[in-house]
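Undergrad: Okay, structure incoming, though there's no sequence with it:
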């Protein structure tokens, strides 16, 4: 029985370590470990003899990524000595809240972006920046804050900023890119999504199937507009569409102001996405290329000679240490069953989004 308990404990520790692979667990063993007898595995584990451990086992588990400040990680050594290029990565949904879940770093994208900009601004050895964006967009306010932070950073440091659009650069992600000196996109990047959306659901009949009857107590006829517990009234639709149009006008003004070469075709702002090569012809993107090309452009604009050293900003428990690595920050289902009814988490949903084709279950899980 004692052997079974020991094996079960070791197995549990192993599973826990695997499950926390994004939050490293360090195990230090002091003393000696002795094992006598035979261990045979043939479809099942059969251990004969005794397992003895002498000394102490000390474990150190770090689960709070905010415990460490950002630090520079060299992701490409350069040949030049006249400055560094920093890659600032922006991935996933842009929401002004901590994104939690199994395997997630639990970061707030808005706060993390500002922290990275502050770190670059404080380092005089960094002479150029690449904004690596792979995002369908996000909340209207979150996107607006990040774009304003980038503008303030450029005024403060005055170093060249090149945006590199990866798989998707849409909505609030493109708004952010539009504030760079130059935009580089892959030929197959999806660019655009310059519209506004508010996710609204009518779950009245669904709730009735579970014998759930809503009894809201309210003061103000429009206070629960777009509530999932009842249909949307005509006057509520007018109000919400008016807000969407207002935010859409602001998005157009910001992007047209930032992109002087943008065509006046209003069709660019109907929410559509186009491939990277078409985005060049419309003025949404300056040139086609890859991340290496964006780094080279940043070095050229910074008037650097030779290949520059490239750095990224990471926590000490972040496993992403190459130019294309993505920090894990995705929300996952925490239950055993992937049950997710869109709209039921209304209190966690942001309101209006600059976001192209949000995937419903992910948006709900992320608070989007």
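TA: Received the coordinates, thanks. Being a predicted model, the structure only gives us computed values, none of them experimental.
Undergrad: what stretches of the stretch 1-150 of the chain score poorly on pLDDT?
TA: 1-54, 56-67, 80, 100-105 (pLDDT under 70).
Undergrad: Show me where it has its helices.
TA: For the stretch 1-150 of the chain, the helices defined by DSSP state H, counting those that start in this stretch occupy 2-19, 109-121, 140-157.
Undergrad: tell me the domain boundaries of this structure?
TA: The record's domain parsing of the chain by automatic domain parsing lists 2-61, 65-332+340-365.
Undergrad: Out of the ones you listed, indicate the one that is most buried.
TA: domain 65-332+340-365 (a mean of 18; mean count of other C-beta atoms under 10 Å). C-beta here means a position set from N, CA and C on the backbone, and glycine is covered the same way.
Undergrad: biggest helix in this protein by residues?
TA: For the chain, the longest helix by residue count, based on DSSP state H, is helix 234-258.
Undergrad: any chance you could read off phi and psi for the residue lying closest to residue 110 once chain neighbours are set aside?
TA: Sequence neighbours aside, residue 96 is the residue nearest to residue 110 in space, at 4.6 Å (criterion: C-beta to C-beta, 6 or more residues apart in numbering). Main-chain torsions, residue 96, degrees, to the nearest 10: phi -90, psi 60.
Undergrad: what's near enough to touch residue 96?
TA: Applying C-beta atoms under 8 Å, 6 or more residues apart in numbering, we find residue 96 in contact with 108, 109, 110, 139, 141, 142, 145, 350.
Undergrad: Now do stretch 168-186, average pLDDT.
TA: Across stretch 168-186, pLDDT averages out at 97.
Undergrad: which among the contacts of residue 96 gets closest to residue 317?
TA: residue 108 (16.9 Å; C-beta to C-beta).
Undergrad: contacting residues around the nearest residue to residue 245 once chain neighbours are set aside?
TA: Once flanking residues are discounted, residue 245 sits nearest to residue 196: 7.9 Å by C-beta to C-beta, 6+ apart. Listed by C-beta under 8 Å, 6+ apart, the contact partners of residue 196 are 140, 244, 245, 247, 248, 251, 352, 353, 354.
Undergrad: Residue 200 now?
TA: 226, 228, 232, 240, 343.
Undergrad: Of the residues you listed, which belong to helices?
TA: Residues of the contacts of residue 200 located in helices (DSSP H): residue 240.
Undergrad: Take the contacts of residue 200 and write them to TSV, including distance to residue 179 and pLDDT.
TA: Shown next, in TSV, are the contacts of residue 200 (distance: C-beta to C-beta, whole Å; pLDDT from 0 to 100):
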residue	distance to residue 179	pLDDT
226	31	82
228	35	79
232	35	87
240	28	93
343	33	49
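Undergrad: other SSEs contacting the helix or strand just after the longest helix of the chain?
TA: Per DSSP states H and E, the first helix or strand lying C-terminal to helix 234-258 is strand 273-275. When contacts are defined as 3 or more C-beta pairs under 8 Å, 6 or more residues apart in numbering; DSSP states H and E, strand 273-275 sits against strand 190-192.
Undergrad: Direction included, what does the strand it packs on pair against?
TA: strand 161-170 (parallel), strand 273-275 (antiparallel) (DSSP bridges).
Undergrad: Give me the residues contacting stretch 251-271.
TA: Taking C-beta under 8 Å, 6+ apart as the rule, stretch 251-271 contacts 147, 174-175, 178-179, 192-197, 248, 282-284, 354, 356.
Undergrad: Repeat the analysis, applying 7 Å as the threshold.
TA: The contact list for stretch 251-271, computed with C-beta atoms under 7 Å, 6 or more residues apart in numbering, reads 147, 175, 178-179, 192-196, 282-284, 354.
Undergrad: End to end on it, go ahead and measure it.
TA: Chord length of stretch 251-271, first to last residue, is 12 Å (C-alpha to C-alpha, to the nearest Å).
Undergrad: Any idea how far that stretch is from the middle of the chain?
TA: 25 Å (C-alpha atoms, centre = their mean, to the nearest Å).
Undergrad: Could you do stretch 172-184 as well?
TA: Counting by C-alpha atoms, centre = their mean, stretch 172-184 comes out at 16 Å from the chain centroid.
Undergrad: first to last residue in it, what's the distance?
TA: Stretch 172-184: ends 17 Å apart by C-alpha to C-alpha.
Undergrad: Identify the residues contacting that stretch?
TA: By C-beta under 7 Å, 6+ apart, stretch 172-184 touches 90, 94, 131, 133, 135-138, 142-143, 146-147, 150-151, 160-165, 169, 191-194, 251, 254-255, 258-259, 285-287, 289, 293-294, 297, 301, 354-355.
Undergrad: just stretch 223-236 next, same as before
TA: Counting by C-beta under 7 Å, 6+ apart, 198, 200-204, 207, 214, 216, 218, 222, 239-240, 343, 346 sit against stretch 223-236.
Undergrad: what's the lowest-pLDDT member of these?
TA: Within the contacts of stretch 223-236, pLDDT is lowest for residue 346, at 46.
Undergrad: and stretch 226-245, how far from the chain's centre?
TA: 29 Å.
Undergrad: actually stretch 83-91, not the one I wrote
TA: Distance, centroid of stretch 83-91 to centroid of chain: 15 Å (C-alpha atoms, centre = their mean).
Undergrad: Touching that stretch from outside, list them.
TA: 113, 116, 120, 125-135, 173, 176, 295, 298-299, 302, 304, 308-312, 323, 326.
Undergrad: redo that, cut-off 6 Å
TA: Stretch 83-91 has contacts (C-beta atoms under 6 Å, 6 or more residues apart in numbering) with 116, 120, 125-135, 295, 298, 304, 308-312, 323, 326.
Undergrad: Where does pLDDT dip in the stretch 201-350 of the chain?
TA: 261, 263-264, 329-350.
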